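A.B. asks: Predicted model and sequence below, questions to follow.
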Amino acid sequence: MMVMRVQRMPSESFAGGLAARLVAIILALLVAAIAFAWTGADLGKLGAHVLKSTFGSRFGLMDICLIMTPLILTGLAVTIAQKVGAWNIGAEGQFSAGAFAATSVALYVPGPAVLVLPLMVVAGALGGVIWILIPTLARAYADVSELITTLLLNFVGILLVYYVATGPWLDPSGLSFASTARLPPEIPLFWGDVHWGFPLAVLLTILVAVVLNYTRWGYEVRISGSNPSVAHYAAIPFRRHLIVVMILSGAIAGLAGMFELAGTTHRLQGGISNNFGYVGIMVAVLARGSALGVLLGAALMAVILKSGISLQTQGVSMSTVIALTGLILFFTAIADELSHYRVVRPMRTEN
Amino acid sequence: MMMHAMPEAGATIASGIPVEPVVRLKGIGKRFPGVIANQDVDFDLVPGEIHALLGENGAGKSTLMNVLTGIYRPDSGEILVDGQSKTFGSPVEAIAAGIGMVHQHFKLVKAFTVAENIHLGWKEAPRRISKQSLEARTTELAASLKLAVKPDARISDLSTGEQQRVEILRVLSRNPRVLILDEPTAVLTPAEAGELFRALRQFVALGNAVIFISHKLDEVLEISDRVTVLRGGRKVATRMTSECDKRMLARLMVGQDVVLGNMRTRGPDAKPISPNSVLSLLNVSARDDAGDLALKRVTINVRPGEVLGIAGVAGNGQKELSQVLTGTRRLAGGTIEVGGKDLSSAGPDAFALFGVGHIPEDRLHSGLAPALSITDNVVIREYGKAPLSRGWVYRPAAAANLARSIAEAASVKILDFGMPVRNLSGGNQQRLVARREMRIASNVLVAAYPCRGLDVGAITAMLRYFTELRDAGVGIVFFSEDLEELIKLSDRIAVMFHGEIMGVVDAAEVDIEAIGLMMGGQRREPSAAGN
């Protein structure tokens, strides 16, 4: 009697993992489609609309690149922290702090954009660093869970931006309730509406991937993150790597805030972080610890978010789209587990 | 079973009375990707016997028992219980059929009390439970089975021996007729092992049966009625234990004659032991992780070309000593000299740089990064040197080459070097760590329980490597809980008790009893062989 059976494997193949993820995404879309159909929506029309507004037009592709830019960076920030064994849930706050710091430079430092923009980049990164500094030191020296501290500082960062955008830095023209005036220094454009932040974010990701895989430092970070005791045993300075990498993570998230500010919104608005930090966690989960995977993860999330925005014109609320991202994460988690299983045929029983 | 009367106590297979087996395995086959874990294995177990299952690591002992208890399903073959064919979908079904297993790694919830663990997932646990009722039931159960446990103690507060007793009690509470123990004595002191053996004999005297998995020949000879030997996933033989001796079992297990005996004899071109020590501790004290003084004014020295054995009951400061010797634990007092330099306040990097290799006690936690690849793990001592690194640049291809050669030298077969190292068996992990450390041990090798979890063949190979290093002039500090092994290999033996050295003796002149007394706290004045 031949019976097919499934069996758990200790490791999964690359192709298997990729296929499982694709299936997960398709399943999530299917569930969403069923929900839409149930509420009486015209699926064909919605689908055509989504395709047209994303891949179907130059503007759609530009928007996707614009949404990808912060997502690549926040995803990278979470991924790099994971490498050293830390969960940076605070990219949202670091993003806000970066945007805030960059705005302060734009508002108070006079001079040509050529000089002010680099200063804003430094300020943005520095803002992110300051936001992650306390969680970093608390983790490194007192073993306080960075999961909690980074998360809680998100609220502080988001509210700080709201405060200045509605109070001291409010647009004096009176045209806006929660935004500064348009800030003159702008990141130059790269393609259509897409600013140079996009290729820079991609380059930074490749750079991080190379550094992690092809330097001694990258190896040491990997060991430290995986098992601090073995790092100590092999004389690898775990604490130093933890601090440096977490600070780097904060800087990257802060940079995301600066890019968004000086490349896309051009004003510091309340809620400028727009969940990019949290979605960055999803990007990192989808990337499974691979810096290059961050690019794919960010692209996927950008397409979904962009679809969501364009679906709003069709009467689909943004909450529905956020729920869809949740579904994708949910199915991905299941797929990751299932991709460890193989269907095996039993050996024929002898005699 | 209906046809046969329940055998009387003592009516084992040894008495020559034919008995119906309670469990029979026929032609069991189990294959994992790239590995045949079991092939065509026949096995039977009769009431009233203790049946030892002997084999090297990876011989398929645990797989066979996991098949029997429903954790794995066999690819081929048949399981008969009381003559009837059974398929177990899970351990729950196996226990319902009266087959219980005590695993090598206990399946207990550490944060729960003993009473809670006993009742967890038990059909007979009362629906409405209170702390008192659970504890009262546990006390009663423990008394009826003569296994003393503290019902209200948390598992995490118990010693390994006590945890094992809870695990056994939990399995016995389900009234099994067949009890399987997977290397139960690996975690026990000799006294605790004796207690366990008495309990097992009582258990089989009631007409039950025990399968005893082990790779220790002595205890197999002591406890079992019959012994089945597995090698490479196949059954080699089943014999009456009374007809076996150590040598013959070792041969069956390994497939060739194993040379046991004195390994102190040096090779013809071995370097002589140098009188100057390469590593010496003077009045060294150190604290354990809880902050208590675990080493008290320890003074020992290691000479190039000798093996210094460290004996002692586990938990008497050996772990801290091995860490102090490699710079991975800070001193609370005293001085360490390595190669003539004072390294009292140096870190592990200075020790490694001088050529001190370290095979740590708990390899998975302090010697390996379990989730990282095999390559990442075996190059951890050499990643910063050429050809793996040039300046800042790390070369994964060169690392993979080194990993291949280390695995080959350690005779570990690896299909995929990118696989997480935790997927390897414990024995293979140990071999890789040992090889990795021997490569950098140009002056000293600190080996903490390097043979733990290895089988006879692998132990012999490991000790051989040590003699080669010794003959090349490396000073070796060899921690072991096996006195025979210590005496066989060491030139001198230091005995630890409560963080102190009770004495250093010449291994050629001392007998096991004398060391046993020192392990119990009797001090011995330094002899001529000592310092």
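C.D. replies: Arrived safely, thanks for sending.
A.B. asks: so where's chain B uncertain?
C.D. replies: Judged by pLDDT under 70, chain B has its weakly predicted residues at B:1-18, B:33-35, B:57-58, B:187, B:189, B:255-261, B:453, B:525-531.
A.B. asks: at 50 instead, please
C.D. replies: B:1-12, B:527-531 (pLDDT under 50).
A.B. asks: quick one: what helix or strand has residue B:40 in it?
C.D. replies: Residue B:40 is located in strand B:35-45, with elements delineated by DSSP states H and E.
A.B. asks: Neighbours of residue 275, how many?
C.D. replies: Since no chain was named, I'll use chain A. 16 (other Cβ atoms under 10 Å in any protein chain shown). The C-beta positions use only the backbone N, C-alpha and C, and glycine is treated the same way.
A.B. asks: Oops, wrong one, chain B.
C.D. replies: Residue neighbour count, defined by other Cβ under 10 Å, stands at 7 for residue B:275.
A.B. asks: who touches it in this structure?
C.D. replies: The contact partners of residue B:275, by Cβ atoms under 8 Å, 6 or more residues apart in numbering or on different chains, come to residue B:303.
A.B. asks: Look up how far residue A:176 lies from it.
C.D. replies: The gap separating residue B:275 from residue A:176 is 86 Å, by Cβ to Cβ, to the nearest Å.
A.B. asks: Then residue B:56?
C.D. replies: 76 Å.
A.B. asks: do the same with residue B:423
C.D. replies: Distance from residue B:423 to residue A:176, by Cβ to Cβ: 57 Å.
A.B. asks: how long is stretch B:439-459 from one end to the other?
C.D. replies: With Cα to Cα, to the nearest Å applied, stretch B:439-459 spans 18 Å between its terminal residues.
A.B. asks: Run a quick neighbour tally on the residue of the stretch 51-200 of chain A found nearest chain B.
C.D. replies: Residue nearest to chain B within the stretch 51-200 of chain A (Cβ to the nearest Cβ): residue A:85, separated by 10.0 Å. Neighbourhood size, residue A:85 [other Cβ under 10 Å]: 21.
A.B. asks: So what does it look like in phi/psi?
C.D. replies: phi 90, psi 20 (degrees, to the nearest 10).
A.B. asks: and the closest residue to it other than its chain neighbours, what does it touch?
C.D. replies: Using Cβ to Cβ, 6 or more residues apart in numbering or on different chains and skipping residues adjacent in sequence, the residue nearest residue A:85 is residue A:225, 3.7 Å away. For residue A:225, the contact set (Cβ under 8 Å, 6+ apart) comprises A:82-86, A:241, A:245.
A.B. asks: Next step: these restricted to helices.
C.D. replies: A:82-83, A:241, A:245 (DSSP state H).
A.B. asks: Rebuild the residues you listed as a markdown table, extending it with neighbour count, pLDDT and distance to chain B.
C.D. replies: Output for the ones in helices among the contacts of residue A:225, formatted as a markdown table (neighbours: other Cβ atoms under 10 Å in any protein chain shown; pLDDT from 0 to 100; distance: Cβ to the nearest Cβ, whole Å):
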| residue | neighbour count | pLDDT | distance to chain B |
| --- | --- | --- | --- |
| A:82 | 20 | 95 | 11 |
| A:83 | 20 | 95 | 11 |
| A:241 | 23 | 97 | 13 |
| A:245 | 24 | 98 | 16 |
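A.B. asks: Could you dump these into CSV and include distance to residue B:160?
C.D. replies: Output for the ones in helices among the contacts of residue A:225, formatted as CSV (distance: Cβ to Cβ, whole Å):
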residue, distance to residue B:160
A:82, 34
A:83, 35
A:241, 34
A:245, 37
